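Chemist: Dropping a prediction and its sequence here:
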Amino acid sequence: MEEKENNNPQDEIVSISKPKKILLAIKNYCLKKNVKPSLKLYFIDAMSKMALGLFASLLIGTIIDTIGDLTNIKFFVDIASYASSASGAAMAIAIGYALKTPPLVLFSLVAVGISSNILGEAGGPLAVFFIAIITSEIAKLVAGTTKIDILVTPLVTIIVGCGLATLIAPAIGKAAYYIGDAINRATILQPFLMGIILSISVGMILTLPISSAAICASFGITGLAGGAALAGCCCQMIGFAVQSFKENKWSGLVSQGLGTSMLQVPNIIKRPTIWLPTILASAITGPITTCLFKLEMNGPSIASGMGTCGLVGPIGVIQGWFSDIDSGLKNSITAIDITGLICVCLILPIVLTLLFHFICLRIKLYKNEDLKLEL
């Protein structure tokens, strides 16, 4: 006897709609808990805030440590060690802040950041970045769902975060180390070519809404490679500051030269050609830095991607000099060292950018008005 065919379309609709209903329910729950994955959120917002966390701990610690070295005051050296040791926690909290995590999740990320940074070793910042994001999003799904939230949320956050740190932080750290080591070694072997590549790429990243400081810190860009990265960042910041001086005057000079060239992004979107002078200047300054002055960034790797923001880049180089002297790698700070630092961070960006700016104006690639900031 033949089986009776099921021609009821309603059953088919129900069977098809069940998975969709489940997916829709999951999506709605994620939206309710403010879990909205996006490349912008993770790789622009979270990374930018992570750089602030690094700045407020490791970088400030380095600056204070430099003051301690210059003045030989132990008080500053001690403070510097405390600030630097808080970098893992500061990065994780900054990432949690960017992802708008509830307070209990945010505060619990302290343990997650510390464990990720320690277990990630040289690639600690990159480990913190990925683990803090994953942990934050998972913890947000749990936060506020029980009557004992004060226990459940920190418990889940710390167990998930520290568990991930134990499982994957060492691997992430090693991967970041090998990538950074390859870049640093390649720059030693091919200083001219890598000088151009690093100077242009890191400088452009600094101007874009992506954190060049966090990237340099994550991969440990130091030495000659760090010097090339610093050169590119200085060209972007100092370059845009002097290039747009006619329109933005002293406020624009300070906000871009000591703040960030990111202020020019809206103008770059409208008229991309205004970016040419600083990019071309970077292409020349990079190899001059690596081949002629042989300027190295032996301070914290985050300083390689900071440029002249708060004078962090130059201070990082100076701090590296003192570290090299203490370790016996360097006998003293020479006139060539100081000349190279001034040329790379100030003179060359000014001269080269203005030269290319004049040429671009003459061939009418853009006008001075295109560089006007809304300050």
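Modeler: In hand now; what should we look at? Being a predicted model, the structure only gives us computed values, none of them experimental.
Chemist: Does the residue nearest the centre of the chain lie in a helix or a strand, and which?
Modeler: Centroid-nearest residue in the chain: Ala214, 2.2 Å away (criterion: C-alpha atoms, centre = their mean). For Ala214, the element it lies in under DSSP states H and E is helix 212-219.
Chemist: okay but the residue nearest to the centre of the chain is in contact with Gly53, surely?
Modeler: No: in this structure, Ala214 is not within contact of Gly53 by C-beta atoms under 8 Å, at 9.1 Å. Heads up, the C-betas are built off the backbone N, CA and C, glycines and all.
Chemist: on that earlier part again, Provide the contact partners of the helix holding Ala214 at residue level.
Modeler: 47-48, 50-51, 54-55, 58-59, 123, 125-126, 129, 176, 179-180, 183, 202-203, 205-206, 221, 226, 229, 233, 300-307 (C-beta atoms under 8 Å, 6 or more residues apart in numbering).
Chemist: before we move on, the earlier item: okay, the residue nearest to the centre of the chain and Leu189: tell me how far apart.
Modeler: Distance, Ala214 to Leu189, using C-beta to C-beta, to the nearest Å: 26 Å.
Chemist: for Leu206, same thing?
Modeler: The separation that Leu206 has from Leu189, given C-beta to C-beta, amounts to 25 Å.
Chemist: and the angle for the longest helix along the chain with helix 212-219?
Modeler: Longest helix in the chain, counting residues (DSSP state H): helix 149-189. Inter-element angle recorded for helix 149-189 and helix 212-219: 80 degrees (by axes from the mean of the first three to the mean of the last three C-alpha atoms, to 10 degrees).
Chemist: What mean pLDDT does helix 149-189 get?
Modeler: When pLDDT is averaged over helix 149-189, the result is 96.
Chemist: need the next SSE after that helix, C-terminal direction.
Modeler: By DSSP H and E, the next helix or strand past helix 149-189 is helix 191-207.
Chemist: Against which helices or strands is that next one packed?
Modeler: Helices and strands touching helix 191-207, by 3 or more C-beta pairs under 8 Å, 6 or more residues apart in numbering; DSSP states H and E, are helix 149-189, helix 212-219, helix 223-243, helix 276-287.
Chemist: who wins for proximity to Leu346 among those helices?
Modeler: helix 223-243 (6.3 Å; C-beta to C-beta).
Chemist: following that closest one, which helix or strand comes up?
Modeler: Note on helix 223-243: by DSSP H and E, the next helix or strand toward the C-terminus is helix 245-254.
Chemist: So which residues make contact with that next one?
Modeler: Residues from elsewhere that reach helix 245-254, judged by C-beta under 8 Å, 6+ apart: Ala241, Val242, Ser244, Ser255, Gln256, Asn368, Glu369, Leu371, Lys372, Leu373, Leu375.
Chemist: For the helix or strand where Ser323 lies, could you pull out the residues that count as buried?
Modeler: Per DSSP H and E, Ser323 falls inside helix 312-327. Buried residues in helix 312-327, counted by 16 or more other C-beta atoms under 10 Å: 312-324.
Chemist: Could I have the CA atoms of it written out in PDB?
Modeler: Extracted C-alpha coordinates of helix 312-327, given in PDB (Å, rounded to 0.1, in the frame of the first residue of the first chain):
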ATOM      1  CA  VAL A 312      55.800  60.700  22.400                       C
ATOM      2  CA  GLY A 313      57.800  59.500  19.400                       C
ATOM      3  CA  PRO A 314      60.900  61.600  20.000                       C
ATOM      4  CA  ILE A 315      60.700  60.800  23.800                       C
ATOM      5  CA  GLY A 316      60.500  57.100  23.000                       C
ATOM      6  CA  VAL A 317      63.700  57.400  20.900                       C
ATOM      7  CA  ILE A 318      65.500  59.300  23.700                       C
ATOM      8  CA  GLN A 319      64.300  56.800  26.300                       C
ATOM      9  CA  GLY A 320      65.700  54.000  24.000                       C
ATOM     10  CA  TRP A 321      69.100  55.800  24.000                       C
ATOM     11  CA  PHE A 322      69.200  55.800  27.800                       C
ATOM     12  CA  SER A 323      68.200  52.100  27.900                       C
ATOM     13  CA  ASP A 324      71.000  51.300  25.400                       C
ATOM     14  CA  ILE A 325      73.500  53.200  27.400                       C
ATOM     15  CA  ASP A 326      72.400  51.400  30.600                       C
ATOM     16  CA  SER A 327      72.700  48.000  28.900                       C
END
